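A.B. asks: Pasting the sequence and the predicted model now:
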Amino acid sequence: MTRADKLKVPEQRLHDPTRQRDGTEILDIDHYAPFLLNAVSSAWGRKTSAIYRRDFGLGLTDWRVLSMLNIEPGITASRICDVIRMDKAAVSRSLKTLLEMEHLRYEQPSGDPRKRVWWLSDLGLKVHAQILDVALGCENELVGGIDPNDLDVFLRVMRQMLTNIDPK
């Protein structure tokens, strides 16, 4: 038995994520979860990022950082990275951009800049509220036509997938 055979568990699936073409096993992207997750994520990112850049001068990473600071005020960059699962360089660039735009404030309890704790400024709170309206409108388009029960199951499944690959 090969490693691939050990990893396949077809009895847990209604549809196999592969199919045969000319005697060769290939991915069936309509039933391969990583493809669909990536396709939805990429399309979502392109759509929302364009709106955030056009209307607010901010990118998707900036919005994620703003959101995290509104959810958990007074946190470190490291904590932001952990929760939104982004690399430190991207978060650091975003914090710098948002600070220059006067959307943030921070305190530095020690002399170490890595220990800064961050909050949204009054302007940042205002911008967050404006982008939140846009983000929720975009999410409504994304989930339009999906039965509420199906959406609830989907979100539960997505949380489990995240736990499966990155249990924090």
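C.D. replies: Yep, that arrived. Residues are numbered from 1 along each chain as shown.
A.B. asks: residue ranges of the strands in the protein, please?
C.D. replies: Listed in chain order, the strands of the chain (DSSP state E) span 18-21, 24-27, 104-107, 117-120.
A.B. asks: What residues sit buried inside the longest helix seen in the chain?
C.D. replies: Ordering each helix of the chain by length in residues (DSSP state H) puts helix 33-56 first. Buried residues in helix 33-56, counting neighbours by 16 or more other Cβ atoms under 10 Å, are found at Thr48, Ser49, Ile51, Tyr52, Phe56. Bear in mind the C-beta positions are built from the backbone N, C-alpha and C, glycine included.
A.B. asks: which residue packs closest to Ala29, ignoring adjacent ones?
C.D. replies: Careful, residue 29 is Ile and not Ala. Phe35 (4.4 Å; Cβ to Cβ, 6 or more residues apart in numbering).
A.B. asks: I'd say that neighbour and Leu27 touch.
C.D. replies: Yes. Judged on Cβ atoms under 8 Å, Phe35 makes contact with Leu27 at a distance of 6.9 Å.
A.B. asks: ok, which stretches of this structure are helices?
C.D. replies: Ranges of helices in the chain, per DSSP H, are 3-7, 33-56, 60-71, 77-84, 88-100, 122-143, 148-165.
A.B. asks: Burial-wise, tell me which of the ones you listed comes out on top.
C.D. replies: Stretch with highest mean neighbour count among these: helix 60-71 (a mean of 20; mean count of other Cβ atoms under 10 Å).
A.B. asks: looking at this structure, which helix or strand does the model trust least?
C.D. replies: Lowest mean confidence among the helices and strands of the chain (mean pLDDT, DSSP states H and E): helix 3-7, at a mean of 56.
A.B. asks: Would you mind pulling the contact partners of stretch 21-28?
C.D. replies: Stretch 21-28 is contacted by residues His15, Asp16, Pro17, Thr18, Arg19, Gln20, Phe35 when judged by Cβ atoms under 8 Å, 6 or more residues apart in numbering.
A.B. asks: repeat for stretch 84-100
C.D. replies: 58-59, 61-62, 64-66, 68, 77-78, 80-81, 104, 106, 118, 124, 166.
A.B. asks: quick one on the thing from earlier: how distant is the longest helix of the chain from the center of its chain?
C.D. replies: 10 Å (Cα atoms, centre = their mean, to the nearest Å).
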